[in-house]
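Undergrad: give me coordinates for this.
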Amino acid sequence: MESVFARVRAREVSAAHFLRLATASVVSFYVVVTSGAVVRLTASGLGCDNWPRCGSTPFPEKGGHAFIEFGNRVVAFCAIVVALVTWLAARQVRGLAPGARRAALGVLLGAVAQIPLGGITVIFKLHPLLVMSHFLLGLAVFGLAVAVALEAWSHDAGRGKPVGPRWWRRMVLAGLPACFVLVVSGAIVSASGPHSGGTNIRRLGVGIVDAVYVHVRIVAVFSIGFFVIGGWLARHRREVPGVAAIAAALLAVLVAQGVLGEVQYRTHLPWWLVLIHVSLGAAIWGLAVAFVHAIWRPPAALVRQ
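TA: Okay, here's the model as predicted:
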C-alpha cells in the first residue's frame, strides 16, 4: 500500500490536465451555489432535518423537499471530491506557482468547512445569519476556484504582463471587495423576502423595501465605479482583447441582472426568477474575480504580447 501512495506522489501532472481539473472545480462550485439557492427557494432547507442523516435514515425515503435537500448534499460532496483531486494534482504540477497550490488547498478547506456550517444551519432551524454565511462561504470558495483556474491557464499557456498602470490596477482591485458588498446586500434582500428556506423560519428582521433600497444604491455605486474603470479599458481594448472580453461579459450580466431584479420585484419575487437572479449574482462574482485576476496576472492568451 505504501508503494502505491509513493507512486501516486511521484506521478507528475501535466499543466493541461491540471487546467481541466481546475475548470471542473469552477463548474462544480457554481452548481453548488445554485443548487443551494434551489433548496432555499423551494422551502426545502429542513427537508432533511436530522443532520447528517435525512430524517431517520441516511438517505431520503420520500418527499420532494427531502430529495432536493439531499441532492444539494450530493452535489456538494462531488465538488469536495473534485477540489481534493485538484489540490492533489496541484502538488504534482512541475513549476506551478506556490500561490496556486495554496489557493487550491483553500478551495478544498473552504468546501470542507461548508459541511459543519451546513449542519449547524439545519440544527439552528435555518437562522438567517447562518444561511447567509453558508451562501457567502460558497461564493468565496467559488471565487477562489476561479482564481486557481486562471493560474492553471497561465501555467499551461504562459503569462502576460500586468495590464495598465499601477494606479488603475489598484482601482480594479478595490472593486473586488465592493462587488462582495454588492453580493452581501443582495443576500440580505433574499433573506428579507418571502423565501426563508422553510416554514415558520425566523426572519432577519429587515423589511424587504428597506433592504432593496440599500441594495439598489450599492448597485449604482458599483456600476459607476465599473464604468470609470471601463473607460480606460475601452481605450486600450485592442492591446488586451481577452481582458476586454471578460469586462464586456461582466457588463452584460450586470445589465441583465438589473433588468431581472426590477422584473422580479414588480412580480412579487416568484421563486424561479429569484433563482435566476441568484445564479446571475454568482456569475457576476465569478466574472469580477476573473477580471481582477486577469488584470494583475493575465494568461498570455488574454493580452497581446
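
Undergrad: give me the contact list for stretch 273-280.
TA: Contacts with stretch 273-280, where a contact means CB atoms under 8 Å, 6 or more residues apart in numbering, come from 33-34, 37-38, 41, 186, 190, 193, 195, 253, 256-257, 260-261, 263-264, 267. Backbone N, C-alpha and C define where each C-beta goes, glycine included.

Undergrad: these in helices, which ones?
TA: Among these, the ones falling in helices (DSSP state H) are 33-34, 37-38, 41, 186, 190, 253, 256-257, 260-261, 263-264.

Undergrad: surely Arg237 is within a strand?
TA: No. Counting by DSSP: H, G, I helix; E, B strand; the rest coil, Arg237 is not part of a strand but coil.

Undergrad: okay, and the nearest residue to it once chain neighbours are set aside sits in which element?
TA: Spatially, and ignoring its direct neighbours in sequence, Arg237 is nearest to Ala244 (3.9 Å; CB to CB, 6 or more residues apart in numbering). Using DSSP states H and E, Ala244 falls within helix 241-266.

Undergrad: can you pull out the helices in the chain?
TA: 2-10, 15-41, 64-90, 98-123, 128-157, 166-192, 208-235, 241-266, 271-296.

Undergrad: in the fourth one, what counts as buried?
TA: Neighbour-count burial for helix 98-123, with 16 or more other CB atoms under 10 Å as criterion, is recorded at 100-101, 103-108, 110-111, 114, 118, 121-122.

Undergrad: mind checking how far Thr23 is from Ile284?
TA: 19 Å (CB to CB, to the nearest Å).

Undergrad: between these two, who's got more neighbours?
TA: Higher neighbour count among Thr23 and Ile284: Ile284, with 21 against 17, using other CB atoms under 10 Å.

Undergrad: local confidence estimate at the more buried one?
TA: Note on Ile284: pLDDT of 95.
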